[in-house]
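Enquirer: Sequence and predicted structure, then a few things I'm wondering about:
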Protein chains: 2
Amino acid sequence: MTDRDTRHKASMEKLKNHVDEKIASATEQRGLLLINTGNGKGKTTAAWGTVTRALGYDYKVGVIQFIKGLWECGERNRLEADPNLEVVVMATGFTWETQNREADTQACQAVWKEAERMLADPDTYLVVLDEITYMLKFGYLDIATVKTALENRPHEQTVIITGRNAHRELVTMADTVTEMQEIRHAFNNGLQARRGIDF
Amino acid sequence: MTDRDTRHKASMEKLKNHVDEKIASATEQRGLLLINTGNGKGKTTAAWGTVTRALGYDYKVGVIQFIKGLWECGERNRLEADPNLEVVVMATGFTWETQNREADTQACQAVWKEAERMLADPDTYLVVLDEITYMLKFGYLDIATVKTALENRPHEQTVIITGRNAHRELVTMADTVTEMQEIRHAFNNGLQARRGIDF
């Protein structure tokens, strides 16, 4: 073995001990509340990655799309035939297209009823509340209502919340919070959004 | 209309103008180089979300898994029957399990040949180099070799690189860079990794 090989082995042994210790100390088992927030790319995309993952084990999954529902969407195309997946979309589209607070609020409340149904269903292993943060920000939904539904959900159910500016009370409740930070974005340098990559 | 409705409408009009301007100024069309880095959750998951999305439009996709290949993996289970998807895994598993630099280097170089093949194939719309950053960090792969393959790839091909501590030369090359920052992680609070959610 060269010196570099020996150093590598020692360093990997140390890392292994660290990983093993962490695994041993993680003993609680229950559904999680995850938040993907921040101004960067990947919040919704990571949620769909997790949907794909859960479907891979035949778990039942519910997705509510609060904003991009009218967009063409490759991941929904790819997975929608899956009998374990239910997707509900708020059919109004982007709030900057509708520009109508009252109609948006009604549409949001109707979709929230579907979310409440999923959040009360013990057979649903994963619920994605995609871009719900904007509904709270615009006042279409009430934070207390959302918190109650999350707190009373089945013990084994995981929920993923996506969107910028996550409400601080949700951040406090969450088990895992990731902030997707934009370091650079192609769109800001004149590059078009790409089919199959960006949507 | 109430005052709040009127203010909402004005604010949404302004946002719409901003969005429209950005869309109009994005005119260049080509494959992108995306990097998902940082210490938070969602780097690989977002890459799989994009894989699902691209498959939704029947694009051909190649995934190289440089580290987690031996892990059970729900998203791979869910998608592996898709004829448009090819997944190549570095079959040695985590470097902290093997603790053998020479064997890891050989395994990595063999898998890199498969990556080079995908990166030269004009029919492959998306290539994911999952956790390749560690290969560069450990010196199993050479940055110049990787850069050359990326620079010479087909014009329409998008590449996603994932992993912590992305090499600064890759960050410089990339069109979109997102840093997934860990604000909180369930695992550090004694919660077990969950099947269908974390793997």
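Expert: Arrived safely, thanks for sending.
Enquirer: quick one: contacts for the closest residue to residue A:1 other than its chain neighbours?
Expert: For residue A:1, ignoring the flanking residues on the chain, the nearest one in space by Cβ to Cβ, 6 or more residues apart in numbering or on different chains is residue A:9 at 7.6 Å. For the C-beta atoms, the positions are set from N, CA and C on the backbone; glycine is no exception. Contact partners of residue A:9, counting by Cβ atoms under 8 Å, 6 or more residues apart in numbering or on different chains, are A:1, B:99-101.
Enquirer: what helix or strand does residue A:9 sit in?
Expert: Using DSSP states H and E, residue A:9 sits in helix A:3-25.
Enquirer: Wait, residue A:48 touches residue B:47, no?
Expert: No: under the criterion of Cβ atoms under 8 Å, residue A:48 makes no contact with residue B:47, lying 11.0 Å away.
Enquirer: who's more crowded, the two?
Expert: residue A:48 (30 against 26; other Cβ atoms under 10 Å in any protein chain shown).
Enquirer: does chain B sit close to the lengthiest strand in chain A?
Expert: Among the segments of chain A that qualify as a strand by DSSP state E, the longest is strand A:176-184. Yes: against chain B, strand A:176-184 shows contacts by Cβ under 8 Å from any Cβ of the partner chain at A:176-184.
Enquirer: Now do the buried residues in that strand.
Expert: Under the neighbour-count criterion of 16 or more other Cβ atoms under 10 Å in any protein chain shown, strand A:176-184 has A:176-184 buried.
Enquirer: pull the CA atoms of that strand into PDB?
Expert: Listed next in PDB are the C-alpha coordinates belonging to strand A:176-184 (Å, rounded to 0.1, in the frame of the first residue of the first chain):
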ATOM      1  CA  THR A 176     -36.200  18.000   7.800                       C
ATOM      2  CA  VAL A 177     -35.900  21.400   6.200                       C
ATOM      3  CA  THR A 178     -33.800  22.000   3.100                       C
ATOM      4  CA  GLU A 179     -33.200  25.300   1.600                       C
ATOM      5  CA  MET A 180     -32.500  25.100  -2.100                       C
ATOM      6  CA  GLN A 181     -30.300  28.100  -2.700                       C
ATOM      7  CA  GLU A 182     -29.900  29.500  -6.200                       C
ATOM      8  CA  ILE A 183     -26.200  30.000  -6.900                       C
ATOM      9  CA  ARG A 184     -26.800  30.400 -10.600                       C
END
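Enquirer: Can you name the residues that contact residue A:86?
Expert: With Cβ under 8 Å, 6+ apart, residue A:86 has these contacts: A:60-63, A:118.
Enquirer: returning to that earlier point: mark which of the contacts of residue A:9 are part of helices, please.
Expert: Mapping these onto helices (DSSP state H) picks out residue B:101.
Enquirer: quick one: least confident helix or strand in chain A?
Expert: Every helix and strand in chain A was compared by mean pLDDT, DSSP states H and E; the lowest is helix A:95-98, with a mean of 68.
Enquirer: Checking my notes, residue A:41 in a helix, right?
Expert: No: assignment of residue A:41 by DSSP: H, G, I helix; E, B strand; the rest coil gives coil, placing it outside any helix.
Enquirer: Helices of chain A, residue ranges please.
Expert: Secondary structure of chain A (DSSP H): helices at A:3-25, A:43-56, A:74-79, A:95-98, A:101-119, A:132-137, A:143-151, A:168-173.
Enquirer: Of all those, which one comes closest to residue A:125?
Expert: helix A:43-56 (5.9 Å; Cβ to Cβ).
Enquirer: This completes my enquiry, with thanks.
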